[in-house]
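Trainee: Structure for the following, please:
(one chain, ligands or ions: 2)
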Amino acid sequence: MIKVAPSILSADFANLQRDVQMAENAGADALHIDVMDGQFVPNLSFGMSTVADLRPVTSLMLDCHLMIMDPERFVGQFAKAGADLIGVHVESTRHIYHALQLIKDAGVKAEVVVNPGTPLSMISELLPLVDQVLIMTVNPGFGGQHFLDQMVAKIAALNELKQQHGYRFEIEVDGGINDQTVKACYDAGATVAVAGSYVYDSADPAQRIQDLKVATN
Ligand SMILES: O=C(CO)[C@@H](O)[C@H](O)COP(=O)(O)O
Ligand SMILES: [Fe+2]
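Mentor: Ligands and ions are numbered 1, 2, ... in the order given. Below you'll find the model as predicted:
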């Protein structure tokens, strides 16, 4: 069964605590927080103060997906705010290895993220270092986009490398996840699924979290 990380990008920001607690009560495994700077992606969202405010209201693992340029400038502040895992894009910095080392040094789980157009060869040297790899299944920046089917082969290729070398990282997928696409990702080797609009744009978001789990059971 896949682990589910609802993305609060599609939650009601005026009722964030309610929407986070709903996810926790519904059996979510983590909370996905999309941080955007208007430079790396053409959108703005949350910062570290949102992470700090959410920390005391949930015991869910806080999975912070940084879509910002030169994220090494901020990883210390996200760790201090209460992040449990910090994801940085390989495309967002000249010093990805250093950025991941900073995250580990802060005592937080480190994740490398790859955009749809970025080949896995860009992250091969990083695989022994990371706790999680995030394969973007849409172009980053917005919720509610369509899943890119070509990414299923990429997930399978990453899983092959994982098995071949005995790596222990989790494989997360993000973008366009619903009860159909989650199954294809899970069958290819994904272990964690982010879901924003599928969960929060529903009349019964708690049921949707369960539906994602049932689809991969
Ligand atoms: O990182 C991102 C978008 O850049 C995501 O985490 C979205 O929030 C996913 O939204 P859905 O595609 O599930 O609606
Ligand atoms: Fe995300």
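Trainee: In this structure, what residue spans correspond to strands?
Mentor: Taking DSSP state E to define them, one finds strands in the chain at 3-6, 30-36, 61-67, 85-89, 109-114, 132-136, 170-174, 192-195.
Trainee: Tabulate those in CSV, adding columns for distance to residue 97 and mean pLDDT.
Mentor: No exception for glycine: its C-beta is placed from N, CA and C like everyone else's. Below are the strands of the chain laid out as CSV (distance: least, Cβ to Cβ, whole Å; pLDDT from 0 to 100):
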stretch, distance to residue 97, mean pLDDT
strand 3-6, 25, 98
strand 30-36, 21, 98
strand 61-67, 16, 98
strand 85-89, 11, 99
strand 109-114, 10, 98
strand 132-136, 14, 99
strand 170-174, 20, 98
strand 192-195, 23, 98
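Trainee: Tabulate those strands in TSV, adding columns for mean neighbour count and distance to residue 148.
Mentor: Converted to TSV, these look like this (neighbours: other Cβ atoms under 10 Å; distance: least, Cβ to Cβ, whole Å):
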stretch	mean neighbour count	distance to residue 148
strand 3-6	26	19
strand 30-36	24	18
strand 61-67	25	17
strand 85-89	28	16
strand 109-114	22	12
strand 132-136	25	8
strand 170-174	25	10
strand 192-195	28	14
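Trainee: Take those and lay them out in TSV including distance to residue 212.
Mentor: As requested, these are exported to TSV (distance: least, Cβ to Cβ, whole Å):
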stretch	distance to residue 212
strand 3-6	5
strand 30-36	13
strand 61-67	15
strand 85-89	19
strand 109-114	20
strand 132-136	17
strand 170-174	11
strand 192-195	6
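Trainee: Of these, which is nearest residue 50?
Mentor: Counting by Cβ to Cβ, residue 50 lies closest to strand 30-36 out of the strands of the chain; the figure is 6.8 Å.
Trainee: what's the closest one packed up against?
Mentor: If contacts are counted by 3 or more Cβ pairs under 8 Å, 6 or more residues apart in numbering; DSSP states H and E, strand 30-36 sits against strand 3-6, helix 16-25, helix 48-54, strand 61-67.
Trainee: Any chance of TSV for those, columns distance to ligand 1?
Mentor: Formatted as TSV, these follow (distance: least, Cβ to the nearest ligand atom, whole Å):
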stretch	distance to ligand 1
strand 3-6	9
helix 16-25	13
helix 48-54	14
strand 61-67	5
